[in-house]
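Asks: below are the sequence and a predicted model; questions follow.
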Amino acid sequence: MRVSSGLSQDNITAQYSAFPYPEVRSIEAEDPTRSLLKSFNLEHNLPPRRHLKEGARVWVPGCGTRWAVMLALQWKDVEILATDVSPSSLAKQEALAQQLGINNVRFDLQDVCEASFSEEFDFISCVGVIHHLRHPLKGMKAIARALVAGGIAEVMVYDPWNRRYSRRIQTILNILGHETSSPQRRFDAACMIIQSANHQAAMPPNVASALSHLADRPAFAQTLADCVSNPREMYFEVPSLVELCAEAGLEVRSWKMPHLFDPGTILGVERAKSLGIDEMSASDRAHLGHLLTQGLLEVFVERKGASAGGSDSESVPTTVRAVGDGIRYKFDDDGRCFATEPVPKTIVDRETTYFDAGERRPAVVSYGRVLNCLKPERRECISLEFMGYSGEIAQLCATLLERARTAISTADLVEDTSKVAGVRASLVREAVIRLSRTPFRVLAAA
């Protein structure tokens, strides 16, 4: 791990040094033996001149304890720089990379606001960072400068809806004089308030019971502290995030989890049209969608004008291959991997095919439910019908996977499957488009 000069020491540095975030109990490899880099190009409908290729340079500012490793498990053929202000977070993630045999990530102690990169990175994943900065615009400008002309950055910031409890408890801590307290004192005070509050207090479900984990699982404090005692957060909505990007010289390319930002998907196309939503700007439509769903505020951005002359139509992979089961690595309280287990891509129940939507992870357009750290939740599996696609496509899944066990041209796959299944070629082509993208991705661009 290298230490950069100009590292700013403040309460956020102290917070994540005391409570490196998050506690890593498990981590997954979607396609354990191969890279999904070409599938990224496909999902974003990138023209060849903008394709991420083998050897691409990637930056993960504010990488925490796992985010760069999660990216490396998807992209095994790129060079990743992982930076953070917390030495303990970096140490944990470096140990994680060593355990998993990952050797394409370099770790560096660095503040994103002090970074001086200029047009060096093809992709940047800055998730959960900008809202902790004293000067968010300075951080966004550093990201904009660091991108190559056709590069893409992934950004996630907090919104007031998903952090409403965190916002209240942090304000309570400040009123009680803990604004400048040490991270441990703030955390202890937050836990005491939660434990002491009676039924009249408006607490989120299961937050008090979550404290019971601390006795037998001390590392859970790494995750809980981020929720209840973080010393500095800012909150954005779609308009303010779009404005921040614009000030930094960036513009929205697409929203992560796009169906959560599309009023037509949420309200129905006809109802949305009757309400005049079609007449709204793209930013206003996204704002309305976000207010309706309260999804995480995650977005892919690029330099202004980077997509000029591009196509909005969904590209079709030239060659595809089936994606087999994923692998889940499980870790004990000391951070050691003690077991692995397969993660099936599909489950068939009563003739309906359900797809494992995957954990929240970098670089993908869509994924499953964001798991709540305060309570156990079931893994999310979704059907094509749930996402608004034809059930006929799901019925072709088994045939497509069988014929794509080894890489096959899409043209041959469409023709062969159309004959075998006795369906029109256009339906098979649509199935390939859907099934080669997240949250389904049982086919990968080869």
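Replies: Yes, it's here.
Asks: from now on I want contacts and neighbour counts done on CA atoms only, so please keep to that.
Replies: Noted.
Asks: surely residue 35 is within a strand?
Replies: No: counting by DSSP: H, G, I helix; E, B strand; the rest coil, residue 35 is not found in a strand; it is coil.
Asks: neighbours of residue 281, how many?
Replies: By the criterion of other C-alpha atoms under 10 Å, residue 281 has 10 neighbours.
Asks: in what helix or strand does residue 398 lie?
Replies: helix 397-403 (DSSP states H and E).
Asks: swap in residue 204?
Replies: Per DSSP H and E, there is no helix or strand for residue 204.
Asks: list the contacts for the closest residue in space to it that isn't next to it in sequence?
Replies: Nearest non-adjacent residue to residue 204, counting by C-alpha to C-alpha, 6 or more residues apart in numbering: residue 165, 7.0 Å away. Contact partners of residue 165, counting by C-alpha atoms under 8 Å, 6 or more residues apart in numbering, are 203, 204, 228.
Asks: tell me the secondary structure at residue 165.
Replies: Taking three-state DSSP, the label given to residue 165 is helix.
Asks: how close does it get to residue 171?
Replies: Distance of residue 165 to residue 171, computed by C-alpha to C-alpha, to the nearest Å: 10 Å.
Asks: quick one: contacts of the strand or helix carrying residue 264?
Replies: Per DSSP H and E: residue 264 is located in helix 263-267. Helix 263-267 is contacted from outside by 259-260, 269-273, 277, 285-286, 288-289, 292, using C-alpha under 8 Å, 6+ apart.
Asks: tell me the mean pLDDT over that helix?
Replies: Taken as a whole, helix 263-267 has an average pLDDT of 93.
Asks: please identify the buried residues of it?
Replies: By 16 or more other C-alpha atoms under 10 Å, the buried positions in helix 263-267 come out as 263, 264.
Asks: now do the contacts for residue 403.
Replies: Per C-alpha under 8 Å, 6+ apart, neighbours of residue 403: 413, 417.
Asks: residue 418 too?
Replies: By C-alpha under 8 Å, 6+ apart, the residues touching residue 418 are 424, 425, 428.
Asks: and these, which are buried?
Replies: By 16+ other C-alpha under 10 Å, these give 425, 428 as buried.
Asks: between the contacts of residue 418, which sits nearest residue 406?
Replies: residue 428 (18.0 Å; C-alpha to C-alpha).
Asks: now do the phi/psi pair for the closest one.
Replies: Dihedral pair for residue 428: phi -60, psi -40, per degrees, to the nearest 10.
Asks: okay, the residue lying closest to it once chain neighbours are set aside: pLDDT?
Replies: Spatially, and ignoring its direct neighbours in sequence, residue 428 is nearest to residue 414 (5.6 Å; C-alpha to C-alpha, 6+ apart). Note on residue 414: pLDDT of 95.
Asks: residue 414 contacts residue 424, correct?
Replies: No: with contacts counted by C-alpha atoms under 8 Å, residue 414 stays clear of residue 424, the gap being 9.2 Å.
Asks: in the sheet, who's paired with residue 337?
Replies: residue 331 (DSSP bridges).
Asks: in CSV: the contacts of residue 418, plus pLDDT and distance to residue 21.
Replies: Putting the contacts of residue 418 into CSV (pLDDT from 0 to 100; distance: C-alpha to C-alpha, whole Å) gives the following:
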residue, pLDDT, distance to residue 21
424, 92, 50
425, 94, 48
428, 94, 43
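Asks: which of the contacts of residue 418 sits closest to residue 193?
Replies: residue 428 (57.3 Å).
Asks: my read: the closest one touches residue 412, true?
Replies: No: at 11.1 Å, residue 428 and residue 412 do not qualify as touching, with contact defined as C-alpha under 8 Å.
Asks: residues near the closest residue to residue 236 other than its chain neighbours, how many?
Replies: Nearest residue to residue 236 in three dimensions, chain neighbours excluded: residue 159, at 4.8 Å (C-alpha to C-alpha, 6+ apart). As a burial measure, residue 159 scores 21 neighbours (other C-alpha under 10 Å).
Asks: tell me which helix or strand residue 159 sits in.
Replies: With DSSP H and E as criterion, residue 159 is part of no helix or strand.
Asks: any idea how far residue 21 is from it?
Replies: In this view, residue 159 and residue 21 are 19 Å apart by C-alpha to C-alpha.
Asks: before we move on, what about residue 338?
Replies: Taking C-alpha to C-alpha as the measure, residue 338 falls 21 Å from residue 21.
Asks: who has more neighbours, these two?
Replies: residue 21 (25 against 9).
Asks: tell me the secondary structure at that one.
Replies: Once three-state DSSP is applied, residue 21 turns out coil.
Asks: looking at this structure, which helix or strand is least sure?
Replies: strand 2-3 (a mean of 38; mean pLDDT, DSSP states H and E).
Asks: shaky segments in the chain?
Replies: Counting by pLDDT under 70, the chain shows low-confidence ranges at 1-9, 205-206, 208, 308-313, 369-379.
Asks: tell me the domain ranges of it?
Replies: 2-161+234-257+295-303, 164-228, 319-445 (automatic domain parsing).
Asks: pick the most buried one from those domains.
Replies: Sort these by mean neighbour count, taking mean count of other C-alpha atoms under 10 Å, and domain 2-161+234-257+295-303 sits at the top with a mean of 20.
Asks: if we can go back for a sec, give me the distance between whichever helix or strand comes after the least confident helix or strand of the chain and the centre of its chain.
Replies: Downstream of strand 2-3, the first helix or strand assigned by DSSP H and E is helix 11-18. Averaging C-alpha positions (C-alpha atoms, centre = their mean, to the nearest Å) puts helix 11-18 23 Å from its chain's average.
Asks: mind checking the longest strand of the protein?
Replies: Assignment by DSSP state E gives strand 147-157 as the longest strand of the chain.
Asks: show me what that one is in contact with.
Replies: Contacts for strand 147-157 (C-alpha under 8 Å, 6+ apart): 50, 118-131, 143, 235-236, 296-303, 306, 362-363.
Asks: now with 6 Å, please.
Replies: Applying C-alpha atoms under 6 Å, 6 or more residues apart in numbering, the contact partners of strand 147-157 are 50, 119-128, 131, 297-302, 306.
Asks: again with stretch 27-45
Replies: Contacts to stretch 27-45, defined as C-alpha under 6 Å, 6+ apart, come from residues 51, 73-76, 315, 326-329, 437, 444-445.
Asks: measure the residue nearest to residue 204 to residue 32 for me?
Replies: Residue 165 is 37 Å from residue 32, where distance means C-alpha to C-alpha.
Asks: which parts of the stretch 1-150 of the chain are helices?
Replies: With DSSP state H, counting those that start in this stretch, the ranges of helices along the stretch 1-150 of the chain come out as 11-18, 37-43, 67-74, 87-99, 136-146.
Asks: could I get the ones you listed in a markdown table, plus columns for distance to residue 397?
Replies: Below are the helices of the stretch 1-150 of the chain laid out as a markdown table (distance: least, C-alpha to C-alpha, whole Å):
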| stretch | distance to residue 397 |
| --- | --- |
| helix 11-18 | 44 |
| helix 37-43 | 18 |
| helix 67-74 | 23 |
| helix 87-99 | 34 |
| helix 136-146 | 40 |
